[in-house]
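>>> mind folding the following:
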Amino acid sequence: MLRTIGHILQTLWAICTLAIGTSLGAALGFHWIGWIGAVVFGLIGLGVGALAAAFPLETIALIVDGL
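Numbers count the residues shown, from 1 in each chain. A predicted model of the protein is given here:
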């Protein structure tokens, strides 16, 4: 039961970090540069979101301790 809850939470964490990273990257890229910036920054945000999804404990510690 706890293992299932852990898998569900990790899946939700991965989906949220990927979505937030991509959305923020695309929004900032579109605001600063335009469509090309939205695509490029969106891909960069996707990569950052993937790293955050792969290492959830380190990401949370980084957020709590401050960048």
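>>> lowest-scoring secondary structure element of this protein by mean pLDDT?
When the helices and strands of the chain are compared on mean pLDDT, DSSP states H and E, helix 56-65 comes out lowest with a mean of 90.
>>> quick one: it to chain centroid distance?
Centroid displacement of helix 56-65 relative to its chain, using C-alpha atoms, centre = their mean, to the nearest Å, is 13 Å.
>>> contacts for it?
If you take C-beta atoms under 8 Å, 6 or more residues apart in numbering as the criterion, helix 56-65 is touched by 10, 13, 17, 51-52. From N, CA and C alone the C-beta is placed, and that goes for glycine too.
>>> if we go to 6 Å?
13, 52 (C-beta atoms under 6 Å, 6 or more residues apart in numbering).
>>> list the buried ones in it?
Neighbour counts over helix 56-65 (16 or more other C-beta atoms under 10 Å) mark Thr59 as buried.
>>> switch to numbering from 54
Taking 54 as the first residue, the last one we looked at is helix 109-118.
>>> could you dump it to PDB, C-alpha only?
The C-alpha trace of helix 109-118 is given here as PDB (Å, rounded to 0.1, in the frame of the first residue of the first chain):
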ATOM      1  CA  PRO A 109      13.000  14.800  -6.300                       C
ATOM      2  CA  LEU A 110      14.700  14.900  -2.900                       C
ATOM      3  CA  GLU A 111      17.600  17.000  -4.100                       C
ATOM      4  CA  THR A 112      15.200  19.400  -5.900                       C
ATOM      5  CA  ILE A 113      13.100  19.900  -2.700                       C
ATOM      6  CA  ALA A 114      16.200  20.400  -0.700                       C
ATOM      7  CA  LEU A 115      17.500  23.000  -3.200                       C
ATOM      8  CA  ILE A 116      14.100  24.800  -3.100                       C
ATOM      9  CA  VAL A 117      14.000  24.800   0.700                       C
ATOM     10  CA  ASP A 118      17.600  25.900   1.200                       C
END
